[in-house]
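Asks: fold the following and give me the result.
(chains A and B)
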Amino acid sequence: MRTRTIFPGRFAVFAALLICAFVLLVPAPAHTQTGDIAVVVHPDVPVSNLSLADLRRILLGDREFWTTGVRVTLLIRAPIARERDAAVKDVCQMTEAQFRQHWIGKVFRAESPSGPKIVYSTEMALEQVSRTPGALSFVPAAVAGRGVKVLRIDGKAPGQPGYSVK
Amino acid sequence: MGSPCAKKPIYNLDVKMRFMVIARVSALLVVLACARPAAAQPSAPGAPDAHEASMGQTTQAPADAREYPTLHIAGFGDVNFATTKRPEGPRGFSLGQFVLHMTSELSPRVTFFGEISFTARSDAGTGAPLAPGFNAEVERMIVRFDRNDHLKVSFGRYHTPINWWNTAFHHGQWLQTTITRPEMTQFGGRFIPVHFVGALVEGSVPASGWNVNYKGGMGNGRNSVISRAGDAGDTNGSKAWLVNAFSKPDRAYGLEFGGAIYGDTVLLATSREVDERIYSAYAVWQKEDPEIIAEVANVRHEDPGTHAVTWSHAYYVQAAYRLPQFKRLWKPYFRFEHIGIDDADVMFATVPRLDGGTLGIRYDISQYAAVKGEYRSWTRGEGTPRNHGGFFQVCFTF
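Replies: This is a model prediction of the structure:
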């Protein structure tokens, strides 16, 4: 009787292929983040509450100044970031393409000298907001720390039921 | 006697100086080392592309540390193809406008905006007969002082803010859904004064969520060649004026509506003067599912000598819908437009009438480029033969 032998080398190749297939085909658990997005401003900004409509007007460049006459400096994360999605999709109710086209048009219409400034990390957003008079940005509520002021939106703070920026 | 410093042993002084130098260099290195990770972060995933950086969405130093002036340049361009049953306008391939747009903050409250176009024309070159070439034009040149949201004052050359399309899309064909502008606001057209040279005061007030915006201006008005603005000065002593108001209510996010009045006394090339009043109104639903734009303008001309009054009017309605399928890249649209000229209107004697419809579709190749295809059918007033044609455009911003 003839017996089949499994060569260790062939087995190793088979196992490696199996592992590779597993790694490639089985989707990695999505890196999902949950929790509210805080709207943070420079501590000198003279408001502690904004309506969602006011926040939208700031994001779309229709409101450019705080009541003290200081210009709003809008700092927003680059695409893909969850904070940007919250600002663009939830607050502005736009797609990323629509948001970009809106701002290209806004600057082209001479209504605004420049679009939102891009920040590349939460730390950078917090640092820039704390240093720039009139600055506003979006950060995960859990890390909104000292040096910035967290705004209420429609009277609700991050974490409260009914808070609308998620 | 020497100075007190001279009494110190030179060895000790050197050691102190060395210590100070080492301390300062160390401090500098620490500062640079701390700054480096932040500077390296742009290469992180999600960093914006060059377009985002150049067209408004820029990363800059905080406002308090910013240097002025800050110059940003963007541009628009388009290439067209047209075929019509009867010759009217360019046929075959043609270059559209090549537009350069500049913005520069001169200080936190002073901003410059400029727009230059290069337009292909069959008669822009030299020689006899005239060779084709490009016409350069300063389309807009505005310097603006912003006090706050309620008050902004500017001077320069504008697109006259008495028509929504004229101030929404300017020369950026990529920004608009369709291939062409409505004919009532066509560049080089005569129905409304497309350009305005003068001063403008504008601002906005919340007005309990109605977000009322206003504009008031005074300028040179039309030139004797009525399609042109008074760039080099007023042709008569009468200044043109305009008042514009519009609202973007919070309760109907996406809606904008408003109106404008424009007044001027125009000195025609025949040395005849005509008093002109333009009354316009519009309503726009700016979301793309659907997008609806409707505008109307009535132009009243009065001969100051005979007090004879004529009324001419124009309107258009455009509807578009970005299809939710196919990654939201397709956007079909339809527009109907009409221009009616009073037979007795001397100033508009050569302005063509129009009844026309446009059916087309836009496909966004990328976030900064699109192709559009259109079928148009139109007549030039009652009794004129119907013309129709197919049009194609590739447009982009960079």
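Asks: please name the residues that touch the residue most central in space within chain A.
Replies: Among the residues of chain A, the one closest to the centroid is A:Glu83, at 1.6 Å (Cα atoms, centre = their mean). Counting by Cβ atoms under 8 Å, 6 or more residues apart in numbering or on different chains, A:Glu83 touches A:37, A:76-77, A:122, A:125, A:137-140. Glycine gets a C-beta too; all of them are placed from N, C-alpha and C.
Asks: how about a cut-off of 10 Å?
Replies: Residues near A:Glu83 by Cβ atoms under 10 Å, 6 or more residues apart in numbering or on different chains: A:33, A:37-39, A:76-77, A:119, A:122, A:125, A:137-140, A:165.
Asks: phi first, then psi, for it.
Replies: For A:Glu83, the backbone dihedrals (degrees, to the nearest 10) come out as phi -60, psi -40.
Asks: leaving out the residues flanking it, which one is nearest to it?
Replies: Leaving aside its sequence neighbours, A:Glu83 sits nearest to A:Phe138 (Cβ to Cβ, 6 or more residues apart in numbering or on different chains; 4.1 Å).
Asks: hmm, A:Lys89 and the one you found touching each other?
Replies: No - applying Cβ atoms under 10 Å, one finds A:Phe138 not in contact with A:Lys89, separated by 12.0 Å.
Asks: and the residue of chain A closest to chain B?
Replies: For chain A, the residue closest to chain B is A:Gly115, as judged by Cβ to the nearest Cβ, at 2.8 Å.
Asks: these two touch, right, that residue and B:His72?
Replies: Yes - the pair A:Gly115 / B:His72 is scored as a contact, 9.4 Å apart, by Cβ under 10 Å.
Asks: compare these two (neighbour count), which wins?
Replies: Under the neighbour definition other Cβ atoms under 10 Å in any protein chain shown, A:Gly115 and B:His72 were set side by side, and A:Gly115 has more, 24 against 18.
Asks: B:Val351: which of the contacts of A:Glu83 is nearest?
Replies: A:Ile76 (46.0 Å; Cβ to Cβ).
Asks: what's the offset of the helix or strand hosting that closest one from the middle of its chain?
Replies: In this structure, A:Ile76 sits in strand A:73-77 according to DSSP states H and E. On the basis of Cα atoms, centre = their mean, to the nearest Å, strand A:73-77 sits 10 Å off its chain's mean C-alpha point.
Asks: can you name every helix or strand that that strand contacts?
Replies: helix A:52-59, helix A:82-85, strand A:117-119, helix A:122-131, strand A:135-140 (3 or more Cβ pairs under 10 Å, 6 or more residues apart in numbering or on different chains; DSSP states H and E).
Asks: most neighbours, which of the contacts of A:Glu83?
Replies: A:Phe138 (30 neighbours).
Asks: tell me which stretches of chain A form strands.
Replies: A:37-41, A:49-50, A:73-77, A:117-119, A:135-140, A:149-150, A:152-153 (DSSP state E).
Asks: can you redo those as CSV with distance to B:Asn213?
Replies: Converted to CSV, the strands of chain A look like this (distance: least, Cβ to Cβ, whole Å):
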stretch, distance to B:Asn213
strand A:37-41, 24
strand A:49-50, 20
strand A:73-77, 19
strand A:117-119, 25
strand A:135-140, 22
strand A:149-150, 29
strand A:152-153, 24
